[in-house]
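1. below are the sequence and a predicted model; questions follow.
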Amino acid sequence: MTIRKILIHPDARLKKKAAPVTEVTSSIELLAEDMIETMYDAPGIGLAAPQIGVMTRIFVMDCVKDEGEAPRPMVLMNPEITWASDEISSYEEGCLSIPEQYGDVQRPAEVEMHWMGLDGQLHQERFNGLWATCVQHELDHLNGKLFIDYLKPLRRQMITRKMQKLKRETARK
Ligand code: NI
C-alpha cells in the first residue's frame, strides 16, 4: 500500500468531473486500498479519487468516531443519491484538500445512496448524521465541487488566497 499525495486547492483536477468506474479491476482494488491508507494517515473521514489526481468516480470513507468502536472503511464507486430528506442540517465541514479551513454547509440531513462496491454489486444504504454530510461532500468531489463553493464569495476567496500562499510556501521548502 502506498500513501498518495493529496492535492491542495486550487488545482484544476479538483474542479473536474470524474469518469465512472466500468469494471472492478485489480488496479481499482489497489487504488481503493491506497485511498483508505491515505485517508487514515491524513487523518480524515473521507477521500475522493480526484483528491489524489485520479479522475475516477470512487471515494472512501470511515466516519466512526467513538474510540472503542470498530473502524468501518467503505469504498463507494459510481455513487448516486436516490433520495434526500426535506430536513436540512448544518455542519462545519473541512476538507483534506483545504487544510485547516472550515465552514458551515447546509445539506439534507439524511440521504439514500446507491453505489457499486468492490464486490461488483450494487449497494444501497440510508445515511444520517456525519455519514450523510460525508457522502454528499465526497460525491461533490466527483463532480468538481468543493465545500467552499457553498460559502459566501468573499470567504471563499479568502480561503483560496490562504491556500495559494500555503502552496507557495511548501513549494519553496
Ligand atoms: Ni473534501
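-> Received, thanks.

2. shaky segments in the chain?
-> Across the chain, nothing is flagged by pLDDT under 70.

3. for the one residue sitting closest to the centre of it, what are its contacts?
-> Nearest to the mean C-alpha position of the chain, by Cα atoms, centre = their mean, lies Glu138 at 3.1 Å. Taking Cβ atoms under 8 Å, 6 or more residues apart in numbering, we find Glu138 in contact with 46-48, 59, 61, 76, 79. To be clear about C-beta, it is placed using only N, CA and C from the backbone, and glycine gets the same treatment.

4. quick one: which of the residues you listed is nearest to Glu92?
-> Using Cβ to Cβ, Gly46 comes nearest to Glu92 of these, at 14.7 Å.

5. which one is that closest one nearest to, not counting chain neighbours?
-> What sits nearest to Gly46 in space, not counting adjacent residues and going by Cβ to Cβ, 6 or more residues apart in numbering, is Met61, at 4.0 Å.

6. what's the answer for Trp83, then?
-> Using Cβ to Cβ, 6+ apart and skipping the chain neighbours, the partner closest in space to Trp83 is Glu112 (3.9 Å).

7. go on, His141?
-> According to Cβ to Cβ, 6+ apart, the nearest residue to His141 is Ala48 (3.4 Å).

8. hey, what's that neighbour bridged with?
-> Beta bridges link Ala48 to Phe59 when assigned by DSSP bridges.

9. verify the stated contact: it with Ile58.
-> Yes. Counting by Cβ atoms under 8 Å, Ala48 does reach Ile58; the two are 7.5 Å apart.

10. quick check: neighbours shared by the two?
-> In contact with both Ala48 and Ile58: 18, 142, using Cβ under 8 Å, 6+ apart.

11. how about Gly129, phi and psi?
-> With angles defined as degrees, to the nearest 10, Gly129 shows backbone torsions of phi 60, psi -140.

12. noted, bye for now.
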